[in-house]
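> Got a sequence here, can you model it:
(chains A and B)
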Amino acid sequence: MEVARERSAGRVILEARGITKRFGTVVANDHIDLAVRAGELHAVLGENGAGKTTLMRILFGELQPDEGEIYLDGQRVRFRSPRDALRHGIGMVHQERKLIPAHTALENIILGHPKTGAILNLRQAEREVSALCERYGFRVPLHAKVWQLSEGEKQIVEILKELYHGARILILDEPTSVLSPPEIVKLLQSLTRMAKEDLAVIPFITHKLPVVLEHCDRVTILRRGRVVAEMETRHATEQTLAAAMVGREVGLQPERVQVPLGDPIVRVQDLWVRDDRGILAVQGLSFEIRGGEIFGIAGVAGNGQEPLAEALAGLRPVERGTITLDRTDITHAPVLERWRRGLGYIPTERREVGSIPTFSLVDNILLNYHFERQFSRWGILASSQARELTERILREYSVVAAGPNAPARSLSGGNLQKVILGRVLSRKPRFLIACLPTHGLDVGAAEFVQRKILEAKQSGTAVLLISEDLDEILALSDRIAAIYEGQFTGIVTASEASKELVGELMAGLRRERV
Amino acid sequence: MRAVIGGYRIQVERRTDLRWWHTALASVAAIVVSLFLVGFAFLRVGANPLEVYGEIVKYAFLSEFGLPQTINRATFVLLAAFALIVPLRAGLWNIGIPGQIYAATLAAFGVAYAFGAKRSVNVQLPGELIIPLMFVAALAAGAAYGAIAGFLRGRLQVNEIVTTMMLNWAMLWIVAHMIREGGPFMGRTAEGEGFTLPTSLRLPQILGVPLTVFITVVLAVLLTWFLTKTTLGYRIRTYGESPRAAEYAGIDATRISTLVFALGGLFAGLAGYHYFATVPGVFKIPKNYADFGDFSFYGLITGLIARNNPIAAIPVAVLFGGVSGGARFMQGKLRLAFGIDYALLGVLMIMMVAFQALAHYSIRVERQATVPTPQLELERGESRVESPHH
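Numbering: from 1, shown residues only, chains lettered A, B, ... in the order given. Got it, this is the predicted structure:
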């Protein structure tokens, strides 16, 4: 009883006071206060660039604050390094996985633990790790090699690793970003259990606000390096959270607009495509998209969406079947011919495929223009033309950048996506492929991107929208196809679609006649 | 990294913007440090380092015989550097510079041979026709030999480092076959070197150096322009930064890798033509032609130090061209131990490459405003414990 009361009283486990960090003239953290109490799942929300990463790195000992103090159980502490922080019981689960793919989950979990001496006592370790799983409701095959695990399972392995190494305070960087909706729910349930068990769990999140509301008890919201709100989620709504993060009212659900459909622009018939491992990842897909229509493909990552998009864009050979664009067969056409015929492609990987981080924005704009007459006269780049176009895009898409010559890597994810989107849409594509267009973007940027895609549709573009965010698919698409293991499990119109129906279809639990 | 020394805070940070003068400064610092370090070696063998360096500079840059040699060697190194730079801009490594040089040299002398140049040094041949032919043949052969590796890389993903090295060996022995005893290009002396180029087939000299020197300087400017301002240059850079983004942008990998290796081979070809067919005192494929293949690797280092910038490669090439000749001369003149000239060159190269890494960091020293005393902190911490939050 005694203990229980102490927990419910919300004893402060971790407290940061007046944390300030400057980089040159930029104040990344401006007197940030954060208090995490026992028994509460406390999320830190903020857009990209709000100062979350800096705060995380300070709490984790990777950076030293210029001002401010950190207290653990009321005791002032200072972390000289991440190692030092771990000694104090602070664990961190990064966005990028730091696991060894060829080792088993269990081996990864115990790797580097002081108890793991020269002789491996795997059985003893397994008992302890299993106990942890039991306690917090994690399910992960401990003897599977890490490369065989899903993204969600890998993340759980990292969490278990931190717990096994004695973390009492767990910082999670964007834990929901790589997970499918059911995985997110499961993870947050486990995190809640951990929070109830006297651990402090602090997820740092930029998006997926509905789940945050549902599972977290309290949120601290950062904007431009400051705490703009700290509230209990039962007093909050999605709108108030978003408004606090962005600093203005945000329309979360863009209005779907009906425009009269034009002729079919894209026709895909019985398409088969192999992925990098040589496996048939796309198996006999057929569909057509008409002008002014958004055709959404819903699915959990890795069910063939990526090979499909790449095959349509000409980056991956087609095994069987045909692709026609405006009645022309482009199944085997080279990339440039497709672009000239009106393809526009927004790839999933913004920094690896969609842009070149070291290049200036002008040179990045040229990625989709270097083959056009106006931009290459007698083999010489028309730099003033390119510069003008870049400036126009930066203006029209209100991109925050130092200027057209700023390197792409200096842009935040949202701003970079705006540049890529602006570049592709400025070509007025007949057929737009948008892969995960708002993935990882903050609320404001995501809303902007979605609005622009709707505008393209209104101007008569046929849009193929591939997204793992079911809410986004439902909000934007006119027709929705659910993809599972390379096949459509159903194609439904917007009016027939519900979250439950599409969710079951994409999980492969149900099949409609396609 | 941060350290506090006597009230000053010294902060070392990685630069986000590396400018050309950071690199230049690092190179100058590297030269100073290497001269200082190698100075001990000279002291050890009983020579005054300052006198040694004085001799090197006097010979390489101020003497009537040394200066043209410096210029000719620098031109050779610079062209070899271009041969590295162009493929490297596309992210590919041209280790095949010697092979491309040999191929070009064989082609140039092959043209001369076809017109009967082997008969005598004094044979009168129409130079205004044959010299351009030799020039073009050299460039074409270098480009073609380079293109092999590029094509294999682009089409079949064969590692270009391996192929270019193998191609070096192949051409090394083909040259040997051509000039050694009984080979078609064998010279009159039959001492394992090629025939001497007739005077009528020698490129005109301007201001005491071959025309190729001036061509090379113009090429440095043209190459910079090509890489930064033309569409092809843009495609090369795009492919070099990110092959996947290049594919997305519709840039053909096979075409780009073949093109950059052909261009690289072309520059290597010019280097071969320049040194063997135009430099006074050479005018043949010498017995020690393989040493020049090795020497072309100075171009590799030069390209790396110049961070792929053709103009920036000029001073570096002049340095290596000058020191390589000057140090050898000094060693002979001062009767120093064998190999000390190489020691100097080796340390110079290591230092210059190593200092490039340092150029990426900035060092800031600032006075600390206030140094908080430990007691004060302890007090603050304790008061926090006594009055818990909320």
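> quick one: contacts for the closest residue to B:Ala107 other than its chain neighbours?
Nearest in space to B:Ala107, with sequence neighbours left out and distances taken as Cβ to Cβ, 6 or more residues apart in numbering or on different chains, is B:Ala141 at 3.4 Å. Where you see a C-beta, it was placed from the backbone N, CA and C, and this is true even at glycine. B:Ala141 is in contact with B:Ala103, B:Ala104, B:Leu106, B:Ala107, B:Ala108, B:Gly269, counting by Cβ atoms under 8 Å, 6 or more residues apart in numbering or on different chains.
> again, 7 Å this time
Contact analysis of B:Ala141 by Cβ atoms under 7 Å, 6 or more residues apart in numbering or on different chains lists B:Ala103, B:Ala104, B:Leu106, B:Ala107, B:Gly269.
> Now the longest helix anywhere in chain B: buried residues?
The longest helix of chain B (DSSP state H) is helix B:127-156. For helix B:127-156, the neighbour count (16 or more other Cβ atoms under 10 Å in any protein chain shown) marks B:127, B:130-131, B:133-135, B:137-154 as buried.
> picking up where we left off before, which of the contacts of B:Ala141 sits closest to chain A?
Nearest to chain A among the contacts of B:Ala141 is B:Gly269, at 22.6 Å by Cβ to the nearest Cβ.
> still on that earlier bit, out of the contacts of B:Ala141, who's the most crowded?
B:Ala104 (35 neighbours; other Cβ atoms under 10 Å in any protein chain shown).
> For that residue, which three-state class applies?
For B:Ala104, the assignment made with DSSP: H, G, I helix; E, B strand; the rest coil gives helix.
> The residue nearest to B:Ala107 and A:Arg451: what is the separation?
Distance, B:Ala141 to A:Arg451, by Cβ to Cβ, to the nearest Å: 59 Å.
> who's in contact with A:Ala456?
Here A:Ala456 is in contact with A:Leu425, A:Leu432, A:Val463 (criterion: Cβ under 7 Å, 6+ apart).
> Find the centremost residue of the chain, please.
Answering for chain A, as no chain was given. The residue lying closest to the centre of chain A (Cα atoms, centre = their mean) is A:Gly440, at 3.3 Å.
> hm, I was asking about chain B
Closest-to-mean residue, chain B, Cα atoms, centre = their mean: B:Gly299 / 1.5 Å.
> Tell me where the stretch 101-250 of chain B has strands.
B:205-206, B:209-210 (DSSP state E, counting those that start in this stretch).
> avg pLDDT for the first one?
Taken as a whole, strand B:205-206 has an average pLDDT of 86.
> And that strand, how far out from the chain middle?
With Cα atoms, centre = their mean, to the nearest Å as the basis, strand B:205-206 stands 24 Å off its chain's centre.
> The last one too?
Strand B:209-210 has its average C-alpha position 20 Å from the chain's average C-alpha position, going by Cα atoms, centre = their mean.
> Pull out the buried residues from stretch B:156-169.
Neighbour count says stretch B:156-169 has B:Glu160, B:Thr163, B:Thr164, B:Leu167, B:Asn168 buried, by 16+ other Cβ under 10 Å.
> These in helices, which ones?
Using DSSP H, the members of the buried residues of stretch B:156-169 that fall in helices are B:Glu160, B:Thr163, B:Thr164, B:Leu167, B:Asn168.
> Give me the secondary structure label for the closest residue to the fourth one other than its chain neighbours.
In this case it means B:Leu167. The shortest distance from B:Leu167 to any non-neighbouring residue, by Cβ to Cβ, 6+ apart, is to B:Gly99 (4.4 Å). Secondary structure for B:Gly99, judged by three-state DSSP, is helix.
> mind showing which ranges of the chain have poor pLDDT?
Defaulting to chain A. A:1-9, A:114-120, A:178, A:180-181, A:206-208, A:249-255, A:513-514 (pLDDT under 70).
> Let me rephrase: I mean chain B.
Flagging of chain B using pLDDT under 70 yields the residue ranges B:1-2, B:16-17, B:190, B:368-390.
> Please list all residues in contact with the residue nearest to A:Arg168 when sequence neighbours are not counted.
Nearest residue to A:Arg168, sequence neighbours excluded (Cβ to Cβ, 6+ apart): A:Gly89, at 3.8 Å. The contact partners of A:Gly89, by Cβ under 7 Å, 6+ apart, come to A:Gly166, A:Ala167, A:Arg168, A:Ile169.
> Distance of the closest residue to chain A within the stretch 151-300 of chain B relative to A:Gln269?
Ranked by Cβ to the nearest Cβ, the top residue of the stretch 151-300 of chain B for proximity to chain A is B:Gly250, at 3.7 Å. Using Cβ to Cβ, one gets 24 Å for the distance from B:Gly250 to A:Gln269.
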